[in-house]
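Novice: predicted coordinates and the sequence they were generated for:
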Amino acid sequence: GINAEYMGSLLPNMERVALSNLRNLPGATKSKIRVGRGRSSRRPRTSGRGMIGQKARETIPPGFTGGETPIFLRVPKHGMSRREPLIRHEPLNLWKLQEYVQNGRIDGSKLIDLKAISDSNIVGRIEQGVKLLGGGSKDFTLPLK
């Protein structure tokens, strides 16, 4: 096993590990190569790009295909985008509302509004409203707001 006295004697001398005192070991990282800084540097003159050609002169924009029509212009656009955000109403059937009234979770003598529905937890999270569905509409006789 591990000697407890030995471990206890090591702990006060050890530096506490924190994000502020983490660093790499010596030699773990290399310095950045500075290109095009004279003959005696590591990458002189053409800076490792070669002698001629477009790639030696400038950066090429992404999607550039040498002068021909790029693929993102050749492929047809299709589909549609929604200008207004989708309004998400929580669905609620009338038979379920009637069931909650009969069980006493919603007071049927008062007008049933959005607050009464939300307090009874009959639907999940009401973010933008409730959509009443017609399931059980023949038996439903309660006043709604």
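Specialist: Done, it's in.

Novice: and the lowest mean pLDDT element among the helices and strands of the chain?
Specialist: Ranking every helix and strand in the chain by mean pLDDT, DSSP states H and E puts helix 4-10 at the bottom, with a mean of 70.

Novice: ok, longest helix in this structure?
Specialist: Longest helix in the chain, counting residues (DSSP state H): helix 94-103.

Novice: export whatever helix or strand comes next after it as PDB, just CAs?
Specialist: As assigned by DSSP states H and E, the chain's next helix or strand after helix 94-103 is helix 114-119. Below are the C-alpha coordinates for helix 114-119, written out as PDB (Å, rounded to 0.1, in the frame of the first residue of the first chain):
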ATOM      1  CA  LEU A 114     -54.900  30.300 -20.900                       C
ATOM      2  CA  LYS A 115     -53.800  30.800 -17.300                       C
ATOM      3  CA  ALA A 116     -56.100  28.000 -16.100                       C
ATOM      4  CA  ILE A 117     -54.800  25.700 -18.700                       C
ATOM      5  CA  SER A 118     -51.200  26.500 -17.900                       C
ATOM      6  CA  ASP A 119     -51.700  26.200 -14.100                       C
END
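
Novice: other residues contacting helix 114-119?
Specialist: Outside helix 114-119, the residues that touch it by C-beta atoms under 8 Å, 6 or more residues apart in numbering are 92, 97, 106-107, 110, 123, 126, 129-130, 145. C-beta here means a position set from N, CA and C on the backbone, and glycine is covered the same way.

Novice: widest-spaced pair of the residues you listed?
Specialist: Spanning the widest gap among the contacts of helix 114-119 are 107 and 129, at 21.1 Å by C-beta to C-beta.

Novice: per-residue confidence for the residue nearest to the spatial centre of the chain?
Specialist: What sits nearest the mean C-alpha location of the chain, by C-alpha atoms, centre = their mean, is residue 85, with 18.0 Å. Note for residue 85: predicted pLDDT of 79.

Novice: which helix or strand contains it?
Specialist: Here residue 85 is assigned to no helix or strand, by DSSP H and E.

Novice: do you know how far it is from residue 128?
Specialist: 10 Å (C-beta to C-beta, to the nearest Å).
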